[in-house]
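Chemist: My questions are about this predicted structure, shown below with the sequence.
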Amino acid sequence: MQDLGRWITNNTQNPFYLKKIINISKEISTSTAYVCGLGQFNFYINGSKVEDHILDPGWTYYDKLIQYVTFDLTNLLKIGTNVISAEVGNGWYIMNKDHYTFKFPDFMPPNPNPYHPFGKCLAFALKIIIQYKDGTTENITADDTFKVRPHMVCASNVYGSEFIDGRFRNDDWKTINFSSDKWSNASIIPKEEEPKGKLINQFQSPVRVIHTYEGKEIHTVNQRKIFDLGQNVSAILELEVKGKPGDKVLIYPAEKLDDKGDVDQVAKNWNLIDNVITYVIGKDNEWENCQQTFTYFAGRFLGIETTCSIRNVKAHAITSATKVNGHFKCDNESYNKIYDMIEKTVEANMLSVHTDCPTIERFAWQEPNHLMAPSIMFMKDVKSLWDKFLLDMRVAQHTADDVFFDMQGKQFHPGDGLMPSQAPCYIPNVLPVPGLGSFYDIIPWGSTCILGTYWSYRFYNDRKVIEDN
């Protein structure tokens, strides 16, 4: 575990860029960076992204546990001038509520324990250790000499909506060729307002792009061009657009089409998922790249509403379950298609937590972990992911001091040792719903701490998973 030093910020709850120029005068032996941006971050050295990770760090309950990411910079830093840069967005740390955020259906009473942000502003911490060939060592940490500015992603919602303003684009922001205009010095977050959780190294397999699907325009309905990706996915959207400065491109993702052929964002007949990815044109009649940065969409179809030109619509499918362990194939093509469908469903729900459904909730319900464990472990090498899931449960396990509120605003103690149904849990619904029972104190969900451990041991034969849990 590394001490990352102080946390810095742009004093905002919206995404921001940050950077610092450093000079190296001696030959480097090794160099390692320990980086964390809450809720999500991308890290760059000399204009190039370090590693192919997406959505670092993994989702955790940030008041108790925070992951940083370790990067090897030995071959990236050079003698002379170097640029350290990063971009930080919301994730679950400070949930942006523009457009869709999950709410419980109307048949359930209002939740007296709603989501709470984990800080007053987005935060970034960094420690770079450089060991020189002459035997000396230099440490670089985040401080108020870093420069910051607002991001062209003006708003990022963990459920998939982003508002991206091309008028704020500066493609040189992460290189040496940037202008210091419009940049200010970062602020150091006061100690009492720093992120609270224990810092640990991100050990589970990172989220990566595993496949790119090309969007094919199939028709126009309700002034929307409808694109079909051919597959339901959890993915980073990318496309190229051209128009007049200030023109908007509105992109609506969905799993299905309605009977008129328009994108249908109503799920389970009771929940409207009004995700929309918005891009504002920045240049006059030039092709511009529009791409999600801090979140992802889920679905197969895209309804694009705009008067602008569009081309090269792509969905970069992402997952943490990247390494294949097992295969299935038989002479019945129906079974082969079912297996392929389940594998893609697994991939779409493996994103540092096992999401219940990538369109509606994105919660880490624990029951799917043990129910799906033997199927998933046959398909994929997910040992480190299950270690992460089980750690999240140990962190979430309640003590006698944990307290929530009941419908009358009185204190409610869930009980010493209770394993909640979600881990991490961002919107706890701790009280029984009349006629439906509890959504929080549920034996088949909380028992994943035992059953998930059992399946991990059966497949990977590592006694430590039993000892830890």
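Modeler: Yep, it's here.

Chemist: how about the nearest residue to His354, chain neighbours excluded?
Modeler: Of all residues not flanking His354 in the chain, Asn369 sits nearest, at 5.1 Å (C-beta to C-beta, 6 or more residues apart in numbering). In short, each C-beta sits where N, CA and C put it, glycine included.

Chemist: what pLDDT, on average, does stretch 22-33 get?
Modeler: Mean per-residue pLDDT for stretch 22-33: 96.

Chemist: ok, and what's touching that stretch?
Modeler: 43, 50, 70-74, 76-84, 126-134, 136, 140 (C-beta atoms under 8 Å, 6 or more residues apart in numbering).

Chemist: Quote the end-to-end distance of stretch 183-194.
Modeler: 23 Å (C-alpha to C-alpha, to the nearest Å).

Chemist: which residues are contacting it?
Modeler: So stretch 183-194 is contacted by 6-11, 18-19, 119-121, 123-124, 142-149 (C-beta under 8 Å, 6+ apart).

Chemist: Please apply the same query to stretch 326-338.
Modeler: Residues from elsewhere that reach stretch 326-338 (C-beta under 8 Å, 6+ apart): Tyr339, Phe378, Met379.

Chemist: Now, those residues that are in helices?
Modeler: In helices, defined here by DSSP state H, the members of those are Tyr339, Phe378, Met379.

Chemist: Could you export those to TSV, including columns for pLDDT, neighbour count and distance to Ser352?
Modeler: As requested, those are arranged in TSV below (pLDDT from 0 to 100; neighbours: other C-beta atoms under 10 Å; distance: C-beta to C-beta, whole Å):
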residue	pLDDT	neighbour count	distance to Ser352
Tyr339	97	16	25
Phe378	96	12	21
Met379	95	21	18
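
Chemist: Nearest to Ala298, out of the residues you listed: which one, please.
Modeler: Lowest distance from Ala298 to the ones in helices among the contacts of stretch 326-338 (C-beta to C-beta) belongs to Met379, with 19.6 Å.

Chemist: That closest one is in contact with Val324, isn't it?
Modeler: Yes: look at Met379 against Val324 with C-beta atoms under 8 Å: they come within range, at 6.8 Å.

Chemist: Assign the spatially closest residue to Asp416 that is not a sequence neighbour to helix, strand or coil.
Modeler: Leaving aside its chain neighbours, Asp416 sits nearest to Ala400 (3.9 Å; criterion: C-beta to C-beta, 6+ apart). For Ala400, the secondary structure call by DSSP: H, G, I helix; E, B strand; the rest coil comes out as coil.

Chemist: Can you give me the neighbour number for Ala400?
Modeler: Ala400 has 10 neighbours, counted by other C-beta atoms under 10 Å.

Chemist: Find me the pLDDT at it, would you?
Modeler: Turning to Ala400, the model gives it a pLDDT of 95.

Chemist: Next: Val266.
Modeler: What the model reports as pLDDT for Val266 is 91.

Chemist: any chance you could map the helices in the stretch 201-350 of the chain?
Modeler: With DSSP state H, counting those that start in this stretch as the criterion, the stretch 201-350 of the chain has helices at 333-349.
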